[in-house]
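[1] prediction below, plus the sequence it came from.
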Amino acid sequence: MKDDRNTAFGWILFSGVIALGAMSVSSMIFHADDSELPEGAKPGFFIEGEEAGGAEASGPPLANLLASGSASAGEAIFAKCSSCHTIAQGGADGIGPNLYGVIGKPIGKHEPGFAYSAALSGHGGDWTYENLDAWLTSPRAFANGTKMSFAGLSSAEDRANVILYLMENGGGPPLPAPVAEGGDDEAAAENADNPGEGPGAVEGAEAGEAESAGAMAGDQPVPEQGAATNDGE
């Protein structure tokens, strides 16, 4: 009876040794204990995500949006800003400065006595239409360190409308002239040579006398050397 038990325990012990050996070999082959992938190996699943801060989708130029925009639509959007800003002439500052007549003024300095952040007061330049558009897109991207917590307006049309509303309250420089979208390509297509126009002969167009003569001269066969000559020569 004891011999049978010893035999059973022996087989169990032998099986355990075999299992440990197999695990060790498997770990060496498949780098189970190594947090890094073997050289040249690639992860089984890798999902590429959209990069943060990618290029913005192209759209109409700012000048065109300003030309076709609406100050009244901008007033409705500015309601989001009214909790921090006033825009009436002589209005008191709130959490943010009064914005009456801000367009064209120095950035971070247009409202005397207001405590602007160093990021904005030290930015430099004026509140041009382009700078306002960039600021309204993302204040933090425009002036990293600004105290303004507003995330920005993703719609280019909304930004243009707000700028027009700001212009309606305090004025500003003349609006930039609209840009003819695709004008260069269209002009090139219009100015391309058409059949019968431009220098040189065009297929299907009647050739002039000089061109006909030149073409005839170039196409005439050249007498072969040794051809028959007139008698007496």
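    Arrived safely, thanks for sending. Residues are numbered from 1 along each chain as shown.

[2] in the chain, which spans are helices?
    2-30, 62-68, 71-78, 118-121, 129-137, 139-142, 156-168, 183-191, 209-219 (DSSP state H).

[3] worst mean pLDDT among these?
    With a mean of 44, helix 209-219 has the lowest mean pLDDT of those.

[4] how many neighbouring residues does Thr86 have?
    17 (other CB atoms under 10 Å). For the C-beta atoms, the positions are set from N, CA and C on the backbone; glycine is no exception.

[5] no no, Leu136
    Number of residues near Leu136 (other CB under 10 Å) recorded here: 23.

[6] please apply the same query to Arg159.
    Applying other CB under 10 Å, I find that Arg159 has 25 neighbouring residues.

[7] also Gly122?
    Gly122 is flanked by 12 other residues according to other CB under 10 Å.

[8] and what of Thr137?
    17.

[9] also Ala88?
    Neighbours of Ala88 (other CB under 10 Å): 11.

[10] for Ser82, see how far away it is.
    11 Å (CB to CB, to the nearest Å).

[11] also Gly152?
    In terms of CB to CB, Gly152 sits 17 Å off from Ser82.

[12] before we move on, what about Leu132?
    Counting by CB to CB - Leu132 and Ser82 are separated by 17 Å.

[13] can you pull the contacts of Ile103?
    127, 129, 132, 163, 166-167, 170-173 (CB atoms under 8 Å, 6 or more residues apart in numbering).

[14] buried members of the residues you listed into ChimeraX, please.
    Here is the ChimeraX selection string for the buried members of these, based on 16 or more other CB atoms under 10 Å:
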select :127,129,132,163,166,167,170,172
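
[15] take the contacts of Ile103 and write them to CSV, including distance to Arg140.
    Listed next are those as CSV, based on distance: CB to CB, whole Å:
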residue, distance to Arg140
Trp127, 17
Tyr129, 20
Leu132, 15
Ile163, 19
Leu166, 20
Met167, 24
Gly170, 25
Gly171, 28
Gly172, 24
Pro173, 26
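
[16] which of the contacts of Ile103 lies closest to Ser58?
    Ser58 lies nearest to Tyr129 out of the contacts of Ile103, by CB to CB, at 18.3 Å.

[17] Gly152 and Ser82: which has the busier surroundings?
    Using other CB under 10 Å, the more surrounded residue of Gly152 and Ser82 is Gly152, with 15 against 11.
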